[in-house]
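Trainee: give me the fold of what follows.
(4 chains)
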There are 2 protein chains.
Amino acid sequence: MDKLSLGTLGQHLQQLRLEKGLSLSQLAAAAGIAKSNLSRLEQGNGNPTLDTIWRLAVQLNVPFGTLVAPIRVPLGEEGVEVRLLDQGKDTPQVDAYWMRCAPHTTRHAEPHTPGARESLTLISGRLEVGPEGATTTLAAGDTLTFAADRPHLYRTDDAWATLLLTVVYTGEGGTS
Amino acid sequence: MDKLSLGTLGQHLQQLRLEKGLSLSQLAAAAGIAKSNLSRLEQGNGNPTLDTIWRLAVQLNVPFGTLVAPIRVPLGEEGVEVRLLDQGKDTPQVDAYWMRCAPHTTRHAEPHTPGARESLTLISGRLEVGPEGATTTLAAGDTLTFAADRPHLYRTDDAWATLLLTVVYTGEGGTS
DNA sequence: ATAGAACGTTCCTTAAAAGGAACGATGAAA
DNA sequence: TTTCATCGTTCCTTTTAAGGAACGTTCTAT
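Mentor: Model prediction:
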């Protein structure tokens, strides 16, 4: 059974806060909670109340579950930053990510569930992407959809690449 | 900003519990929390801990936010909520948005600059979208690209729709 | 009826989350 | 330099959510 990880909550909180350019004190004041409270949460300690989470979610302008939902991304590889934007609750299940790749980086991705497809739109930079052996090179504004139930890769040349990425699990929908 | 309503949480809890045919005692035991705790929550009192909500969500097998999200979610003025995710700095310029539309909502959008195109991917729900008079209906996971230099619209039926949207401002410089 | 079991509620206690005021560290302005 | 503001953290106190054991009620079976 799924266990609640307080660490990811803290990471998400801090990440979202920094993206907004807010200091810990500012966010705490804006949300109407104590600094000490927010500090603990970002450190991964504590077990916040619904009221506390709600106030933070409102201030950070994120759908409620986003703060808590664990990032289901292998991530870790250097030069690649991935953010979970949203998780669809319909069938088929759809996960939406924002992704940024450093120059001269190759990310190999494992196959997803059978039938899964990825759609992506390049926001800036250039990116070679697709199933291994059948990749395509995209420029800013281009979109591509490909089968993601085989090993696939993302590769940048000498420029940064930023993109939106959605994974559609057309197979039996998994709940998380 | 929106205030947290504990009443709706209680209603949702009870509704989901009854749908599953569980007694209050059973659910509390299965989730590993005290009966008194669950009883208070269903009555709309109390302010549950993240741990408590999590355990209930797991037992009821609902995505986390569902328990808390009121029937009507924080929406923009016209039932449409839009968040800017990213702005490309390359050529062509690309703006990335996250967008959510309430049921039975129609949003008319003005034409963008000549040559502009929109690409969108539906994360959940259903959406009729496209240039006025030439719309398409999308389901979760579907993607669509259309010319956005004409008046276009987004329309939902009886379901919420969540989607990623990118606007590509294809200037004079043609993309190779 | 009567005993038993399960239901949901209401107390009281206890563990812990939130608030508040320190603290040292850092950075900018006088 | 010195001063002042703000940063994030760490205590300690206060508030309160969660646990536990009653309770009255309802239903079933004996």
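Trainee: by contact count, what packs against the helix or strand containing A:A96?
Mentor: A:A96 is part of strand A:93-101 when elements are defined by DSSP states H and E. In this structure, strand A:93-101 makes packing contacts with strand A:80-87, strand A:161-169, strand B:117-124, judged by 3 or more CB pairs under 8 Å, 6 or more residues apart in numbering or on different chains; DSSP states H and E. To be clear about C-beta, it is placed using only N, CA and C from the backbone, and glycine gets the same treatment.
Trainee: mean confidence for the second one?
Mentor: Confidence over strand A:161-169, taken as the mean pLDDT, stands at 91.
Trainee: residues in contact with it?
Mentor: If you take CB atoms under 8 Å, 6 or more residues apart in numbering or on different chains as the criterion, strand A:161-169 is touched by A:85, A:92-101, A:112-113, A:115-127, A:148, A:154, B:85-86, B:88, B:96, B:121, B:123, B:140-141, B:143, B:164, B:166.
Trainee: tell me the buried residues within those.
Mentor: Buried residues within these, defined by neighbour count using 16 or more other CB atoms under 10 Å in any protein chain shown: A:85, A:92-101, A:112, A:116-127, A:148, A:154, B:85-86, B:88, B:96, B:121, B:123, B:140-141, B:143, B:164, B:166.
Trainee: picking up where we left off before, take the helices and strands packed on strand A:93-101 and write them to a markdown table, including distance to B:T170.
Mentor: Formatted as a markdown table, those follow (distance: least, CB to CB, whole Å):
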| stretch | distance to B:T170 |
| --- | --- |
| strand A:80-87 | 24 |
| strand A:161-169 | 17 |
| strand B:117-124 | 6 |
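Trainee: out of the ones you listed, which comes closest to DNA strand C?
Mentor: Of all the helices and strands packed on strand A:93-101, strand A:80-87 sits nearest to DNA strand C, with 23.3 Å by CB to the nearest atom of the strand.
Trainee: run the angle between the closest one and strand B:93-101 for me.
Mentor: Interaxial angle, strand A:80-87 versus strand B:93-101 (axes from the mean of the first three to the mean of the last three CA atoms, to 10 degrees): 30 degrees.
Trainee: next, count neighbours for the closest residue to DNA strand C within chain A.
Mentor: Nearest to DNA strand C, among the residues of chain A, is A:S36, at 2.8 Å (CB to the nearest atom of the strand). A:S36 is flanked by 10 other residues according to other CB atoms under 10 Å in any protein chain shown.
Trainee: for it, what are its contacts?
Mentor: If you count contacts by CB under 8 Å, 6+ apart, A:S36 has none.
Trainee: and it, which of the three is it?
Mentor: The three-state assignment at A:S36 reads helix, by DSSP: H, G, I helix; E, B strand; the rest coil.
Trainee: which residues touch the residue nearest to A:E118 when sequence neighbours are not counted?
Mentor: Nearest in space to A:E118, with sequence neighbours left out and distances taken as CB to CB, 6 or more residues apart in numbering or on different chains, is A:A148 at 4.1 Å. By CB under 8 Å, 6+ apart, A:A148 lies in contact with A:109, A:111-112, A:116-118, A:167.
Trainee: can I get these in TSV with distance to DNA strand D?
Mentor: Below are the contacts of A:A148 laid out as TSV (distance: CB to the nearest atom of the strand, whole Å):
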residue	distance to DNA strand D
A:A109	33
A:P111	39
A:H112	35
A:A116	37
A:R117	40
A:E118	36
A:V167	33
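Trainee: so A:V94 makes contact with A:Q87?
Mentor: Yes: judged on CB atoms under 8 Å, A:V94 makes contact with A:Q87 at a distance of 7.5 Å.
Trainee: any shared contact partners between these two?
Mentor: The contact lists of A:V94 and A:Q87 share B:I123, where a contact means CB under 8 Å, 6+ apart.
Trainee: now A:Q43. Its backbone dihedrals?
Mentor: Torsion angles at A:Q43 (phi, psi; degrees, to the nearest 10) stand at phi -80, psi -10.
Trainee: gap between stretch A:9-25 and the chain center?
Mentor: Stretch A:9-25 sits 15 Å away from the centroid of its parent chain (CA atoms, centre = their mean, to the nearest Å).
Trainee: got the phi and psi for A:G10?
Mentor: Dihedral angles of A:G10 (phi, psi; degrees, to the nearest 10) stand at phi -60, psi -40.
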